[in-house]
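In: this one's structure only:
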């Protein structure tokens, strides 16, 4: 068995286990070949994002740069509606695309206080309108006119003497007038024609003419104390119902060579006495009557005094009234005493806020507005809006264009001899304003003489009051005459 077992071949080894069944595998090139990352697409997307982001950043930077370089100016106006000034603003902005100008028409009521409050709080406009008599009240707020806009020599040669005197602070001009106005004599043409009277040239002539025109409810029509005035030859003599009485009285004083800063002596007393004589002796006017403007528009006054803008009020009340405007009467001139013919100027000018960081741009815009071409457009825009005339030109080189105007000619004729002072009517400068405070003392003087008080006492008290008010502004110095 051992031998047999030794010759029996060994049993074969068991076969290896069968491999597990495999799923069918697709051997397409897309699977068999290794996947490559799409770098070109990613790079394209990155470049696109970079370009888009760069463009957006550039746009923002350009927008910010434009915002930084653009200039926004605010202009406070007073009498002109935006429709009249807007075409000029649009013209300027078209040639200066980096300038944006906002015009705000203010109400005249409490305008002076509102403006000073805004300027004091650093919230004031870049450009604002002020009355020529307000310069002392705004002195610290006024930016000087740059020599690149108007040199002192060019300003002197272009504008009327009143502007050269009124708008100066120290050695610099501080405002630019875009208009001129003053005081003229208004004549009721029908009353004059019916009486066959001539236009008075002197104050003596005016009184005689006014006496002839006056009518009261007496048996013979003459005016006496206590009589009711039907037609007044001239609206003069009081300080309550004669519109613009301040300018009338001050004109008389100027013509009589009175120093308005310190009135004294017979010259001041005579002017005060003459103004009140129409009430005290002639009885052609009294405080029971309506305002002089109303009475003139109603056809019940022969001679009235007012600025050019009163023409619109009169025509609005009575479009059919026939009237004309004429230069003011004058007093005889004595050259030995230094007397000279005088008229009155009362007007508004444009100033620039001293605290404005845009003052240079503001002055450039005002330079544009004060050119003859711009002033003509403003005038034409006013006429197109329905007015019979526009703002009277403030430039001497434009006087000829208005010398035949039925309404403006009288004002232009007097402009070279017109002067002004710190007192003016109808500026609404408030109870603490310079005009109002001075007016109080002049009112007292007029009322004193109307009640037959002493002109000497009235003038003495007036002078003390003037000195008190002007001292507040450092102005209590002798008034210097304007040189033409």
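Out: Everything's here; your move. Everything numeric here is computed off the predicted structure, so don't read it as measured data. Numbering: from 1, shown residues only.

In: and residue 220, backbone torsions?
Out: With angles defined as degrees, to the nearest 10, residue 220 shows backbone torsions of phi -100, psi 0.

In: also the one 3 residues further on?
Out: Listed backbone geometry of residue 223 is phi -100, psi 130, with angles given as degrees, to the nearest 10.

In: check residue 470 too.
Out: The phi/psi pair for residue 470 (degrees, to the nearest 10) is phi -70, psi -30.

In: also residue 361?
Out: The phi/psi pair for residue 361 (degrees, to the nearest 10) is phi -70, psi -40.

In: burial count for it?
Out: 20 (other Cβ atoms under 10 Å). No exception for glycine: its C-beta is placed from N, CA and C like everyone else's.

In: what's the closest non-adjacent residue to residue 441?
Out: residue 465 (3.3 Å; Cβ to Cβ, 6 or more residues apart in numbering).

In: look up how far residue 334 lies from the one you found.
Out: Distance of residue 465 to residue 334, computed by Cβ to Cβ, to the nearest Å: 28 Å.

In: which of those two has more neighbours?
Out: A direct count of neighbours by other Cβ under 10 Å for residue 465 and residue 334 places residue 465 higher, at 17 against 11.

In: mind listing what the more buried one touches?
Out: Residue 465 sits next to 438, 440-441, 444 when contact means Cβ atoms under 8 Å, 6 or more residues apart in numbering.

In: equivalent analysis for residue 174, please.
Out: Residue 174 touches 135, 139, 142-145, 167-168, 351, counting by Cβ under 8 Å, 6+ apart.

In: now the residues you listed in a markdown table, with pLDDT, secondary structure and neighbour count?
Out: As requested, the contacts of residue 174 are arranged in a markdown table below (pLDDT from 0 to 100; DSSP: H, G, I helix; E, B strand; the rest coil; neighbours: other Cβ atoms under 10 Å):
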| residue | pLDDT | secondary structure | neighbour count |
| --- | --- | --- | --- |
| 135 | 98 | helix | 21 |
| 139 | 96 | helix | 14 |
| 142 | 98 | strand | 21 |
| 143 | 98 | coil | 21 |
| 144 | 98 | coil | 18 |
| 145 | 98 | coil | 24 |
| 167 | 98 | coil | 23 |
| 168 | 95 | strand | 17 |
| 351 | 98 | strand | 27 |
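
In: between the residues you listed, which is nearest residue 182?
Out: Residue 182 has its nearest neighbour among the contacts of residue 174 in residue 167, at 15.3 Å by Cβ to Cβ.

In: name the nearest residue to that closest one, sequence neighbours excluded.
Out: Per Cβ to Cβ, 6+ apart, closest to residue 167 is residue 175, 4.6 Å.

In: how far away is the residue nearest to residue 441 from residue 238?
Out: 19 Å.

In: and the pLDDT at the residue nearest the centre of the chain?
Out: When Cα atoms, centre = their mean is applied to the chain, the residue found nearest the centroid is residue 129 (2.8 Å). Looking at residue 129, its pLDDT stands at 98.

In: surely it touches residue 78?
Out: Yes. In this structure residue 129 lies within contact range of residue 78 using Cβ atoms under 8 Å: 4.6 Å.

In: between the two ends of stretch 422-429, what distance do you get?
Out: In stretch 422-429, first residue to last residue: 12 Å (Cα to Cα, to the nearest Å).

In: quick one: contacts of it?
Out: 108-112, 131-134, 136-137, 243-247, 250, 260, 346, 433-436, 438-439, 442, 470, 475.

In: could you flag which of those are buried?
Out: Buried subset of those (neighbour count, 16 or more other Cβ atoms under 10 Å): 111-112, 131-134, 137, 243-247, 250, 260, 346, 433-436, 438-439, 442, 470.

In: can you flag which of those belong to strands?
Out: residue 131 (DSSP state E).

In: could you pull out the strands in this structure for me?
Out: So, for the chain - with DSSP E - the strands run 71-77, 99-105, 127-131, 168-169, 172-173, 176-177, 184-188, 215-216, 229-234, 301-306, 323-326, 343-344, 348-352, 418-419.

In: show me the contact partners of the first one.
Out: By Cβ under 8 Å, 6+ apart, the residues outside strand 71-77 that reach it are 85, 98-106, 115, 125-129, 350, 358, 361-362, 365.

In: how near is the nearest residue to residue 283 once chain neighbours are set aside to residue 199?
Out: Nearest non-adjacent residue to residue 283, counting by Cβ to Cβ, 6+ apart: residue 223, 4.4 Å away. Counting by Cβ to Cβ, the gap from residue 223 to residue 199 is 22 Å.

In: who has more neighbours, those two?
Out: residue 223 (25 against 16).

In: my read: that one touches residue 216, true?
Out: Yes. Assessed by Cβ under 8 Å, residue 223 is found in contact with residue 216 at 4.0 Å.

In: can you list residues touching both of those two?
Out: Joint contacts of residue 223 and residue 216 (Cβ under 8 Å, 6+ apart) are 229, 283-284.

In: for PyMOL, what selects the buried ones among the residues you listed?
Out: For the buried members of those, the matching PyMOL selection, counting by 16+ other Cβ under 10 Å, is:
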select buried, resi 229+283+284
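
In: and the shared contacts of residue 223 and residue 216 as JSON lines, adding pLDDT and distance to residue 419?
Out: Output for the shared contacts of residue 223 and residue 216, formatted as JSON lines (pLDDT from 0 to 100; distance: Cβ to Cβ, whole Å):
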{"residue": "229", "pLDDT": "98", "distance to residue 419": "32"}
{"residue": "283", "pLDDT": "98", "distance to residue 419": "32"}
{"residue": "284", "pLDDT": "98", "distance to residue 419": "28"}
